[in-house]
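Undergrad: missing the sequence, but the structure's below:
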């Protein structure tokens, strides 16, 4: 099973703001795959393919051990991986709540390592993916990103962290919540 740990963006006003940005993006007429509203999230840790047993261990041991208080997540600014001029993934940044997300990630990583999982050591760059581009180097995309580099999207309160299953399909991923840790 392919799984990850995330904070879902499921507050209607925030989803609506992100959808409006996606609609602006699609008006650029650049080939891309937009993230469906129900799939908007901040990845805490991508785990990858694991057995049902490990999923059960994450559900029963890692998630219940998470300790955090409700916190504000402020979304602002657009960017791209690997860079705005060579955009492959367009994302919304996090300007408040980073330290809380980082603390949750550290707890998740400790719990996963305690289960014997080997984790990729990568820089933690919390973001919300809006689109995956099929072609790179679009001047229209670069202009769009530069004009919105400090764009204020809004804020939401985080009260849960979820274990998500990802099923890849030709039409895009389908996410399912398997377990949840709430404050």
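TA: Great, that's in hand. From a predicted model like this one, the values you see are computed outputs, not experimental measurements.
Undergrad: and residue 102, how many neighbours does it have?
TA: 13 (other Cβ atoms under 10 Å). Heads up, the C-betas are built off the backbone N, CA and C, glycines and all.
Undergrad: again with the one 3 residues further on
TA: Applying the criterion other Cβ under 10 Å, we find 17 residues in the vicinity of residue 105.
Undergrad: separation between it and residue 175?
TA: 19 Å (Cβ to Cβ, to the nearest Å).
Undergrad: after the helix or strand harbouring residue 54, next one along is what?
TA: With secondary structure defined by DSSP states H and E, residue 54 is part of helix 52-57. Next along the chain after helix 52-57, taking DSSP H and E as the criterion, comes helix 63-65.
Undergrad: select the longest helix from the protein.
TA: In the chain, taking DSSP state H as the definition, the longest helix is helix 98-114.
Undergrad: now the helix holding residue 54: average pLDDT?
TA: Helix 52-57 comes out with an average pLDDT of 97.
Undergrad: distance from the chain centre to that helix, please.
TA: Per Cα atoms, centre = their mean, to the nearest Å, the displacement of helix 52-57 from the mean C-alpha position of its chain is 22 Å.
Undergrad: hmm, who's touching that helix?
TA: The contact list for helix 52-57 (Cβ atoms under 8 Å, 6 or more residues apart in numbering) reads 1, 3, 115, 117, 163, 165, 178.
Undergrad: that helix: which residues count as buried?
TA: 54-55, 57 (16 or more other Cβ atoms under 10 Å).
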